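Peer 1: Here is my input, please return the structure:
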Amino acid sequence: MSDKAYYLHMGPAKTAVDITDGSERGEYVNQDYILRQLGRPHRCVNLMYCYYPNDEGWPARAHDAHAHDNITDVWDYPYDDYFTYKGGPNGDLSDEPFKYMRDVRRHGQDVCLTLTIDPFVSDEHIVAICNDLKNFGRVLVRVNHEATGSWFSFNKRASYQQVADFFTHVCEIFHKEAPNCKLILCLDGCKDANEEKMEMEDIFAEAARATDIVSVDRYMALHWGWPVDVAEEGGNSFSRSKVSDIYNLCKKSWHRYAVCNNGLYKPMVLSELNADADVTGPYDQCDMFREFADLLKADKDNWLSAFTMYMFRDRGRLGLEIEDPNNPDVGIRQPLMDTYRELIHEEFFLPQMDIKEEVNFPAKLRWGSFEDSDGVAVSLKLESNPVFFETYFDEELIDANLMMEINGEWFYKAPGVKCIDLSSAFFTKKVEPGTTLTLKFFAPPASGENDPSQGDDWQINYYYTMPKLPYIRIKYKPIA
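Peer 2: Down below sits the predicted model:
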């Protein structure tokens, strides 16, 4: 085993992977569970909330506040039936979504906050939301997504021009009040290969120039009638497309956004991507997702910054798990889980790692994001495939909050934890005698929030001083 450690820089993947955790279709799942199922963190975790603070029944969830109304469709509530954002003026930062944002960030991921907002709220509310998010690092904020649709409440109470103008104004406020946040404009984009422009391109052109990131949501198959009806042959509440058609329309949207932005290509993400197994069944769903990924990897333009798997656990069939109807805390693993896990461990979707100079402890680690951080790596030459591989943290390291990676598998150490067993990294991915691996350490904020006392860059970077390496126990045969 080497006694030398080196600084390590983690940079962006060719295309990053994000995931949605909770929506109108499923509950939030804790990050420890997701990490163990998928074996690696995501760049971002997308949390979906709504903010209609002046509406009757707020801040109760729409299906609770209007349980006795004559509602026949999930989009017929007075405001969107997402989780309700408990921040804003006089808000509660111990409530949703902030307790989940802290969980996400402790586990080495950024937050993408999808927020549908009443477009007639005052600037006071937007400034308050900016203040809510200042401590949470490099937050992505997706305001009033699928803005050219007709189903969200903000579209039912405002014209498309008003929705576009509101988004542009929100960008202006965020850029001034919370520069750590980047705004995502999500339109339906190009929906027809024969049409030159995106849907409502001219209306949203100024919004495209104001935003930081551009996006579309795309489902290669979707049962939009869920949960009101069941998708059956001959029905009209679902659709299925060719994967190549969806891919080409997404890429065309990237080009059209650049036209709106005077030829400048901004980062492009697919904020929701999947094929609905209500339509395709569980096996074609896997094949379609894999086909989309293969098209992406073969494309030399490298046009997509990230895509978001929608979602981890779903009450329908848009998840890697289906929520058990008997117990929402239990997920029923779907075949897509294995396909997705295999895919996101491919080099194309992994962050780049660059070894730097040798470390003389104590070492200063910097956490920016899953595509811009500085950690520590130690080189380990293994005699054979380990039977035991453990890390022990004494009193100098007990309070550390760490993400660790070995043999392609990531592990989380929470403050107060004395030992992390990394042996499972070698259960199915066995190594040959003499293999050399690096054990990597990164230190995202233990509280989930950045520290204003750490310097001028505190809103985007968090620092931790690592006094030494933990004790690493490796055994190659049973004890008895």
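Peer 1: For the rest of this, base every contact and every neighbour count on C-alpha atoms.
Peer 2: Will do.
Peer 1: ok, now how distant is residue 8 from residue 444?
Peer 2: 14 Å (C-alpha to C-alpha, to the nearest Å).
Peer 1: Show me which of these two is the more surrounded one.
Peer 2: residue 444 (30 against 23; other C-alpha atoms under 10 Å).
Peer 1: can I assume that one is in contact with residue 401?
Peer 2: Yes. Here residue 444 lies in contact with residue 401, judged by C-alpha atoms under 8 Å, at a distance of 6.6 Å.
Peer 1: what number of residues lie near the closest residue to residue 228 other than its chain neighbours?
Peer 2: In space, residue 228 comes closest to residue 73 once its chain neighbours are excluded; the distance is 6.7 Å by C-alpha to C-alpha, 6 or more residues apart in numbering. By the criterion of other C-alpha under 10 Å, residue 73 has 11 neighbours.
Peer 1: gap between residue 73 and residue 238?
Peer 2: Residue 73 is 15 Å from residue 238, by C-alpha to C-alpha.
Peer 1: Per-residue confidence at the spatially closest residue to residue 78 that is not a sequence neighbour, what does it come out as?
Peer 2: Distances taken as C-alpha to C-alpha, 6+ apart place residue 153 nearest to residue 78, at 6.9 Å, with adjacent residues excluded. We have a pLDDT of 97 for residue 153.
Peer 1: going forward, begin numbering at 262 instead of 1
Peer 2: Sure thing, new numbering starts at 262, so read that last one as residue 414.
Peer 1: Look at residue 414 and say how many residues are nearby.
Peer 2: Residue 414: 22 neighbours (other C-alpha under 10 Å).
Peer 1: so it touches residue 342, yeah?
Peer 2: No. Using C-alpha under 8 Å, residue 414 is not in contact with residue 342; the gap is 9.7 Å.
Peer 1: overlap in contacts of the two?
Peer 2: residue 336 (C-alpha atoms under 8 Å, 6 or more residues apart in numbering).
Peer 1: Report the separation between the residue nearest to residue 339 and residue 350.
Peer 2: Distance from residue 414 to residue 350, by C-alpha to C-alpha: 21 Å.
Peer 1: Three-state assignment for residue 402, please.
Peer 2: strand (DSSP: H, G, I helix; E, B strand; the rest coil).
Peer 1: got the CA coordinates for the helix or strand hosting residue 447 in PDB?
Peer 2: Assigned by DSSP states H and E, residue 447 belongs to strand 443-448. Presented in PDB, the C-alpha positions along strand 443-448 are these (Å, rounded to 0.1, in the frame of the first residue of the first chain):
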ATOM      1  CA  LYS A 443     -28.100  29.400 -12.700                       C
ATOM      2  CA  LEU A 444     -31.500  29.700 -14.400                       C
ATOM      3  CA  ILE A 445     -32.800  27.000 -16.800                       C
ATOM      4  CA  LEU A 446     -35.300  27.900 -19.500                       C
ATOM      5  CA  CYS A 447     -37.400  24.800 -20.400                       C
ATOM      6  CA  LEU A 448     -39.600  25.000 -23.500                       C
END
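Peer 1: partners of it, with directions?
Peer 2: strand 401-404 (parallel), strand 474-484 (parallel) (DSSP bridges).
Peer 1: between the ones you listed, which one is nearest to residue 410?
Peer 2: strand 474-484 (11.2 Å; C-alpha to C-alpha).
Peer 1: Now residue 735: phi and psi?
Peer 2: phi -120, psi 130 (degrees, to the nearest 10).
Peer 1: OK, contacts around it?
Peer 2: Residues in contact with residue 735 (C-alpha under 8 Å, 6+ apart) are 647-651.
Peer 1: Buried ones from the residues you listed, can you make that a PyMOL selection?
Peer 2: Only the buried entries of the contacts of residue 735 go into this PyMOL selection, using 16 or more other C-alpha atoms under 10 Å:
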select buried, resi 647+649+650
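Peer 1: what's the single longest helix in this structure?
Peer 2: Ranked by residue count and defined by DSSP state H, the top helix of the chain is helix 538-559.
Peer 1: Buried residues of it, list them for me.
Peer 2: Quick answer for helix 538-559 (16+ other C-alpha under 10 Å): 538-541, 543, 545-551, 553-554, 557.
Peer 1: what helices or strands is it leaning on?
Peer 2: strand 474-484, strand 499-501, helix 504-521, strand 529-536, helix 596-605 (3 or more C-alpha pairs under 8 Å, 6 or more residues apart in numbering; DSSP states H and E).
Peer 1: can you do 7 Å?
Peer 2: Using 3 or more C-alpha pairs under 7 Å, 6 or more residues apart in numbering; DSSP states H and E, the elements in contact with helix 538-559 are strand 474-484, helix 504-521, strand 529-536, helix 596-605.
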